[in-house]
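S.K.: quick one, fold the following:
(chains A, B, C and D)
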Amino acid sequence: MIASWLWRRWFGILTLKALVALAVFGLVVAPPDSEQGDAARLLYVHVPAAWIAYLAFFVTALASALYLWPRTRNDSWDHLAGASAEFGVLCTGLTLFLGSVWGKPIWGTWWQWEARLTTTAVLLFLYLGYLALRRLGGVSSQRRNAIAALIAFIDVPIVHFSVSWWTSLHQQGSVFNDKMDVTINDGRMAFTLWLGAGAFTLLFAWCCLGRMRLLGIESKNSELELEAAIAQRTGVPS
Amino acid sequence: MSVVRLRNAVCLLGRFPALAGADLDVRAGEIVWLSGPNGAGKTTLLKLLAGLLQLHRGTATVLGIDLAIDRHTHRSSLAFAGHDTFAYDDLSVSENLGFAARAVGASQDAAANAATHFGLDDLAAVTHANLSAGQRKRLALAMAFARDADLILLDEPHAGLDLSGRELLDAELVRAATAGRTVIYSSHETDRAVGLNARTVRIVGGLAFQDALAEQSE
Amino acid sequence: MSLASDAVLIAKKDMRIEMRSRIVFAQVLPFGGIVLLLFAFALDTDRGVLPIVAPGLFWVTVTLSALLAVSRSFAIEAEHGALYALRLSGLDGAAIFLGKAAAIVLQLLVLEVVLATGVFVLYDVHVPGEAVLAVASVAVAATVAIAAIGTVYGVLVAGIRARETLVPLLVLPAVTPLLLAASRSFEYAIDNDLSTSLRWGSLVGVIASVCVMVGVVAFGPLLEES
Amino acid sequence: MDHNWGYVAVGYVGTLAVLGTYCAVLISKLRKAPTEKHEQR
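M.R.: Modelled structure (predicted):
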């Protein structure tokens, strides 16, 4: 079910081209925003990173559920859950970093207790915990990890809801412009945003496939090691 | 009737094949003695039979239940005592026994009887933390025997017991076997097996070597 | 045996062990007290700030204490392999979860009463008379949620090395929405804005029910992997 | 609006650095992994 090496090379080149195109469109082709000026160019990486972060955690939850379901149980689902969560954490960190860098010129501050930013920050730690759990391994860790991923995913809407309720109650009277929204009134801006979403999705898919392949090789190798260990253990009965 | 049937059973501890393709057959009412050097896989075998470890490969049927599919159902008809006592330090002997019996749905009478059989009556109020190693062993065995089980799995039950404790234990094992229960225990004590009329299964290198006589009679 | 009586059996056992060992009452409770003091030092003796931030500090202190209570709750099971016995007993995972969580709730409620007294004295907080009932019920709901989350993650890592360091990393992000809601509810109660306080309180209630449901479903399978 | 370019540059370069490092590590690990040998065996 894992694609061949040739296909992934072709796929990788396509991803690379999309990312280069994104940089060109984001930095050169798209016009500066009427209010925010050139700072709005961060939109084209910030929003795709955030989108992929959420998509990745959704994929992790879905793959974990498919692993837990007896009929669809397959180690590949566990590998996908891990690969996706890893890239998701990367993108979550990136989203926070870009939000910060964008917030400084627009809000005048690196950090704002804004709902989406705060939710993303909590998500980062939620899934860092999940990755830490995965790293520890264990005898039958896949089922445990899958359950942990589902519990974390249940927490996502709760975090989002409580945080947005909190910030909406507290932000009246804020001295900052609490909107980071850019008015997309230009076709080139809209296209660049879609290009960004597409390029990041491709990169996400490529990284996931690569990471899954790596995890697949690792588990195959450990299966071979087990074979050798059994032979060694049983080969010399006294 | 076959109580235990293992074929090419592989069981992992981490990545180490503690059981590396073991075959084992045990019939109802048998007392089976697992002998073998340290690290041979005796504890893993007992834990696998109890459903505490996952079967990695091969087949394992215990009390008619396929462990590859279901590691839960057969637990209600088995008793297990391991290296750990499964007891709580801050609870007394009678409290530990009472909790263990309630947890498995056994009567308090059964718990009291088990305490008497293992000579624990004088220690009823002593907490587990204040027991000697041998007394803890007796408590662990009494907790296991409080359950009305078809299959009794004991991991080195003789270790740490004094002579009277061993005799009490052996009497319980014989009683269990005559009542039609099956006992599988591991031990390094060669002399104990003779009095019990136990069948010997040697565990070496993650494999089980069954007694030649027993195999012929099959 | 029924789910309820099995849960009571487990809870009674845990409470009896606590009454004997007094680990939570003799160690975790003083820990919570010193944390309250440290917050006051950290914020200087500016008495104007403390009453305002008191609800948040209270719930942070409770959460940190809860981490210790959870770790104790699973330490007693791990000490002599009692988790094996629980798995072999045939008790329903849901019953074990409810019992262990209930014992933690009881211990935390005692701790909260003491800490709340400390907050009144040290932080100069006044709760209006009519808000006392609301505050108390929100506290109970929040405690149920914290105990449920802690119990689930406690069994999740029960079989893992380095579990002492992993539990806080897993539990703290998971309790953030709860901490937020409970702190806001307390704040509004102190400000005598009961309706807003109860809106946040109902969010606490919703979170608590979700946490308990997750625990009831997930504890059994997680116990198997421990 | 000129000073905003600094932030934009930091954002884009930072993104490139993070994603580039991840992909580079991934590719090097995939190169090193002895897949084909095992598959042929």
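S.K.: how about the longest helix along chain D: buried residues?
M.R.: Of all segments of type helix in chain D, defined using DSSP state H, the longest is helix D:4-32. The neighbour-count check on helix D:4-32 (16 or more other C-beta atoms under 10 Å in any protein chain shown) flags D:4-5, D:7-8, D:10-12, D:15, D:18-19, D:22-23, D:26, D:30 as buried. Every C-beta, even on glycine, is put in place using the N, C-alpha and C of the backbone.
S.K.: against A:Tyr44, how distant is the most centrally placed residue in chain D?
M.R.: Nearest to the mean C-alpha position of chain D, by C-alpha atoms, centre = their mean, lies D:Gly20 at 2.1 Å. Computed as C-beta to C-beta, to the nearest Å, the D:Gly20 to A:Tyr44 distance reads 17 Å.
S.K.: give me phi/psi at the one residue in chain A that gets nearest to chain D?
M.R.: Closest to chain D within chain A is A:Gly37: 3.4 Å, counting by C-beta to the nearest C-beta. Here is the backbone geometry of A:Gly37 (degrees, to the nearest 10): phi 70, psi -140.
S.K.: check the gap between it and D:Val25 for me.
M.R.: A:Gly37 is 36 Å from D:Val25, by C-beta to C-beta.
S.K.: same check on A:Leu123?
M.R.: 23 Å.
S.K.: counting by contacts, list what the helix or strand that contains A:Phe125 packs against.
M.R.: Under the criterion of DSSP states H and E, A:Phe125 resides in helix A:115-136. Secondary-structure packing of helix A:115-136 (3 or more C-beta pairs under 8 Å, 6 or more residues apart in numbering or on different chains; DSSP states H and E): helix A:43-68, helix A:75-107, helix A:141-170, helix C:163-190.
S.K.: rerun that using 6 Å as the cut-off
M.R.: helix A:75-107, helix A:141-170, helix C:163-190 (3 or more C-beta pairs under 6 Å, 6 or more residues apart in numbering or on different chains; DSSP states H and E).
S.K.: show me the contacts for D:Trp5.
M.R.: Going by C-beta atoms under 6 Å, 6 or more residues apart in numbering or on different chains, D:Trp5 touches A:Asp38.
S.K.: point out where chain D drops to low pLDDT.
M.R.: Scanning chain D with the threshold set as pLDDT under 70 gives D:1-2, D:34-41.
S.K.: pretty sure B:Arg5 belongs to a strand, no?
M.R.: Yes: applying DSSP: H, G, I helix; E, B strand; the rest coil, one finds B:Arg5 inside a strand.
S.K.: so who does the nearest residue to A:Arg41 once chain neighbours are set aside touch?
M.R.: Closest residue to A:Arg41 apart from its sequence neighbours, by C-beta to C-beta, 6 or more residues apart in numbering or on different chains: D:Val8 at 4.9 Å. For D:Val8, the contact set (C-beta under 6 Å, 6+ apart) comprises A:38, A:41-42.
S.K.: highest neighbour count among these?
M.R.: A:Arg41 (29 neighbours; other C-beta atoms under 10 Å in any protein chain shown).
S.K.: could you pull up the residues touching A:Asp158?
M.R.: Not Asp; residue A:158 is Ile. C:Pro177.
S.K.: so which of the buried residues of helix D:4-32 is the closest to B:Val4?
M.R.: Among these, D:Leu30 lies closest to B:Val4 (C-beta to C-beta), at 45.3 Å.
S.K.: for A:Pro31, see how far away the residue of chain A closest to chain D is.
M.R.: Note on A:Gly37: its distance to A:Pro31, by C-beta to C-beta, is 10 Å.
S.K.: out of those two, name the residue with the larger neighbour count.
M.R.: A:Gly37 (17 against 13).
S.K.: go through chain B and flag its longest helix.
M.R.: With secondary structure taken from DSSP H, chain B has its longest helix at helix B:163-178.
S.K.: figure out how far that helix is from the centre of its chain.
M.R.: From the chain centre to the centre of helix B:163-178 is a distance of 13 Å (C-alpha atoms, centre = their mean, to the nearest Å).
S.K.: where does A:Gly99 land on pLDDT?
M.R.: Listed pLDDT for A:Gly99 reads 89.
S.K.: hmm, it is touching A:Arg116, no?
M.R.: No: with contact defined as C-beta atoms under 6 Å, A:Gly99 does not count as touching A:Arg116 (8.0 Å).
S.K.: between these two, point out the one with more neighbours.
M.R.: A:Gly99 (24 against 16).
S.K.: before we move on, the earlier item: weakest of the helices and strands packed on helix A:115-136 in terms of mean pLDDT?
M.R.: helix A:141-170 (a mean of 87).
S.K.: name the nearest residue to the closest residue to chain B within chain C, sequence neighbours excluded.
M.R.: In chain C, the residue that lies nearest chain B is C:Gly81 (3.0 Å; C-beta to the nearest C-beta). Computed as C-beta to C-beta, 6+ apart, the closest residue to C:Gly81 that is not its neighbour in sequence is B:Asp84, at 3.0 Å.
S.K.: shouldn't C:Met15 be in contact with C:Ile104?
M.R.: No: contact between C:Met15 and C:Ile104 fails when scored by C-beta under 6 Å: they sit 10.1 Å apart.
S.K.: with neighbour numbers in mind, choose between the two.
M.R.: Using other C-beta under 10 Å as the criterion, C:Met15 and C:Ile104 rank with C:Ile104 on top: 27 against 15.
S.K.: check contacts around that one.
M.R.: By C-beta under 6 Å, 6+ apart, the contact set of C:Ile104 is C:69, C:73, C:147.
S.K.: poorly predicted segments of chain B, please.
M.R.: B:211-218.
S.K.: gap between the closest residue to chain C within it and B:Leu151?
M.R.: Closest to chain C within chain B is B:Asp84: 3.0 Å, counting by C-beta to the nearest C-beta. Going from B:Asp84 to B:Leu151 by C-beta to C-beta gives 19 Å.
S.K.: quick revisit: please report the distance of the residue nearest to the centre of chain D from D:Gly11.
M.R.: Counting by C-beta to C-beta, the gap from D:Gly20 to D:Gly11 is 14 Å.
S.K.: the helix or strand hosting C:Glu112 vs helix C:163-190, what angle?
M.R.: C:Glu112 belongs to helix C:93-123 when assigned by DSSP H and E. Interaxial angle of helix C:93-123 relative to helix C:163-190 (axes from the mean of the first three to the mean of the last three C-alpha atoms, to 10 degrees): 60 degrees.
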